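A.B. asks: dropping the sequence and predicted coords here.
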Amino acid sequence: VIDYFPASLEDLAKCEPIYEEFEGWGDEVAEARSYEELPENAKKYLCRIEELTETKISIVGVGPRRDQTIRVTKEL
């Protein structure tokens, strides 16, 4: 396991991805307008992305429209 992107194509070709499976959330998220309105499994997914990237998520898009943007203000 490495924690950086390989600099050479040769090294990149030797890498194998590590996959994780998540439970789906089944519910439509396009109508959610706050973090609290997201399905629990969607929140778990976002939390895992934060853990893996060591970065706080502050905005989540749930559709193509401007009003389908959720500002995440609570800790995940």
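C.D. replies: That came through fine. Values in this document were obtained by computation on a predicted structure and should not be read as measured data. Residues are numbered from 1 along each chain as shown.

A.B. asks: hang on, isn't Tyr45 packed against Glu20?
C.D. replies: No - contact between Tyr45 and Glu20 fails when scored by C-beta atoms under 8 Å: they sit 9.8 Å apart. (Glycine included, C-beta is placed from N, CA and C.)

A.B. asks: buried residues of the longest helix belonging to the chain, list them for me.
C.D. replies: Selection of the longest helix in the chain by residue count, based on DSSP state H, yields helix 40-53. Neighbour-count burial for helix 40-53 flags Ala42, Lys43, Tyr45, Leu46 (criterion: 16 or more other C-beta atoms under 10 Å).

A.B. asks: and for stretch 52-70?
C.D. replies: For stretch 52-70, the neighbour count (16+ other C-beta under 10 Å) marks Val60, Val62, Ile70 as buried.

A.B. asks: helices of this protein, residue ranges please.
C.D. replies: Counting by DSSP H, the helices of the chain are 9-13, 40-53.

A.B. asks: reformat these as a markdown table; add mean pLDDT.
C.D. replies: Output for the helices of the chain, formatted as a markdown table (pLDDT from 0 to 100):
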| stretch | mean pLDDT |
| --- | --- |
| helix 9-13 | 97 |
| helix 40-53 | 94 |
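
A.B. asks: nearest to Ala32, of these?
C.D. replies: Taking C-beta to C-beta, helix 40-53 is the member of the helices of the chain nearest to Ala32, at 8.3 Å.

A.B. asks: now do that closest one: distance to the chain's middle.
C.D. replies: Mean-position distance between helix 40-53 and its chain equals 6 Å (C-alpha atoms, centre = their mean, to the nearest Å).
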